[in-house]
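Visitor: kindly return the folded structure for what I paste below:
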Amino acid sequence: MDAIEDAPDGYSGPSKSQRKREMTALQDLGAELVELSRERLAKIDMPERLREALHDAQRISKHEARRRQLQYIGKIMRDVDAAPLREAINALKGISAAANARQHRLEQLRLRLMADETAFGDLARDYPGADIQHLRQLRRNALKEAEQGKPPRAFRELFRQLRKLDESPAGDPLED
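Guide: Residues are numbered from 1 along each chain as shown. Have a look, this model is predicted:
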């Protein structure tokens, strides 16, 4: 007797091809995780068993052994919710909408700080732990660099400092 005949509506679940596509997708996600640095992997919440398998795969250099390890990672990932892992990778790549929105918010704040010195008052209010003096110095240096046509080192550093402030546990997300 056929499995399709046993099901009341004729559907017995995903086809073998569909299951294989899903397993391959999990294995591909595992391969993306393997390519991340240990520091970035540490920031992603995952089961310890998966983390250890990923670290093992990073150490393996032989082609066939690496392929088998990636298959093992795919097997482990069958029992793990892959959506948060995919979101974390997308955020690291800057693909997620939330990460893009955050980047745009920080860029707008940097432009406001560059255009108007009084924006530091709002920054100090929103981030009481911010080193305003250091940020003002970066602004002055960035303005000087732009005036002299030099590479925008301080401009970039200002953005890095704003991002660090935004990521800090005490810092609330910036609002426009």
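
Visitor: give the burial count for Arg140, as a bare number.
Guide: Residue neighbour count, defined by other C-beta atoms under 10 Å, stands at 12 for Arg140. C-beta: built from backbone N, CA, C; applies to glycine.

Visitor: mind checking what secondary structure the closest residue to Leu123 other than its chain neighbours has?
Guide: Leaving aside its sequence neighbours, Leu123 sits nearest to Ala130 (C-beta to C-beta, 6 or more residues apart in numbering; 6.0 Å). Using DSSP: H, G, I helix; E, B strand; the rest coil, the secondary structure recorded for Ala130 is coil.

Visitor: residues in contact with the one residue sitting closest to the centre of the chain?
Guide: Closest residue to the average C-alpha location of the chain: Leu92 at 2.4 Å, with C-alpha atoms, centre = their mean. Leu92 sits next to Leu36, Arg40 when contact means C-beta atoms under 8 Å, 6 or more residues apart in numbering.

Visitor: distance check, it against Arg112.
Guide: Using C-beta to C-beta, to the nearest Å, one gets 27 Å for the distance from Leu92 to Arg112.

Visitor: got it, and Asp166?
Guide: Noted for Asp166: a distance of 14 Å to Arg112, by C-beta to C-beta.

Visitor: same thing with Lys75?
Guide: When C-beta to C-beta is applied, the distance between Lys75 and Arg112 equals 50 Å.

Visitor: right, and Ala57 touches Glu32 too?
Guide: No. In terms of C-beta atoms under 8 Å, Ala57 does not count as a neighbour of Glu32; the distance is 11.5 Å.

Visitor: higher neighbour count, these two?
Guide: For Ala57 versus Glu32, the count of surrounding residues by other C-beta under 10 Å is larger for Ala57: 21 against 14.

Visitor: picking up where we left off before, can you tell me the element the residue nearest to the centre of the chain falls in?
Guide: Under the assignment given by DSSP states H and E, the secondary-structure element containing Leu92 is helix 82-93.
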